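Asks: Predicted model follows, preceded by the sequence.
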Amino acid sequence: MSIRDDITIDWSLSPRIIEISKEGSSPTSISMQDLYDTVRHLASQPEAMDEDEVIDGAGKELLGDSISVGLTIKLFNAKVKFEDRTSLPWIVCNVLGGNLVAVDEYGDPIDPIEPAAYVTTTRISSSSATLVETGISGLTQEESNQLMSLPSKEEISEEVLVQARSVLY
């Protein structure tokens with residue numbers, strides 16, 4: 001468990017801002033585990049006791065032979081922000097060690113990263129076994145046939161070219 005002292009939460013904003021200080025021990029990166037541990041700790045403090053849930057995590061289930069599932073962190077009406085820089089050069093900051101997602105106060109997906117001045121934030125997500133939803137039932141056979149009968153890009157381009165020539169000449 002690693003609780004960082006360079007992270008604060010602005011509870012007064014919506015979405016709430018989880019800010020990583022530029023003066024901290026690791027001002028240009030945050031691991032999912034450190035984010036989870038620190039935010040849970042901050043949420044347990046007296047000044048945050050009446051606040052709505054801000055973070056949840058899942059993963060690290062053992063698959064066998066010391067292989068485990070990755071960590072996914074979900075922020076509730078919150079975003080991660082690396083502290084603004086005051087001037088050039090631009091700084092690259094990294095969110096590491098798992099997946100980071102966020103939802104707004106209504107449960108709709110939002111970008112989990114809050115932009116910051118002179119900061120570019122990179123977030124690498126990964127998955128192995130995944131489920132892809134295609135809607136209620138996916139395409140019917142008729143819909144698939146209609147989609148497959150549409151002309152290709154090359155056929156459309158050739159048709160447009162022929163029409164253009166007939167107009168010009």
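Replies: Done, it's in.
Asks: Each with direction, which strands does the one helix or strand I17 maps to pair with?
Replies: Element membership for I17 (DSSP states H and E) is strand 16-20. Counting by DSSP bridges, the strands paired with strand 16-20 are strand 7-10 (antiparallel), strand 78-82 (parallel).
Asks: buried set for the very next helix or strand once past the last one?
Replies: Towards the C-terminus, the helix or strand next in line after strand 78-82, according to DSSP H and E, is strand 91-96. Of the residues in strand 91-96, those buried by neighbour count under the rule 16 or more other Cβ atoms under 10 Å are I91, C93, N94, V95. All C-beta atoms are positioned from the backbone trio N, CA, C, and that covers glycine.
Asks: What are the contacting residues of strand 91-96?
Replies: 20, 27-32, 35, 80, 82, 85, 113, 118-124 (Cβ atoms under 8 Å, 6 or more residues apart in numbering).
Asks: If we use 6 Å, what do you get?
Replies: Strand 91-96 is contacted by residues T28, S29, I30, S31, F82, R85, V119, T120, T121, T122, R123 when judged by Cβ atoms under 6 Å, 6 or more residues apart in numbering.
Asks: And the first one, how close does it get to D56?
Replies: This means T28. 25 Å (Cβ to Cβ, to the nearest Å).
Asks: Sounds good, over and out.
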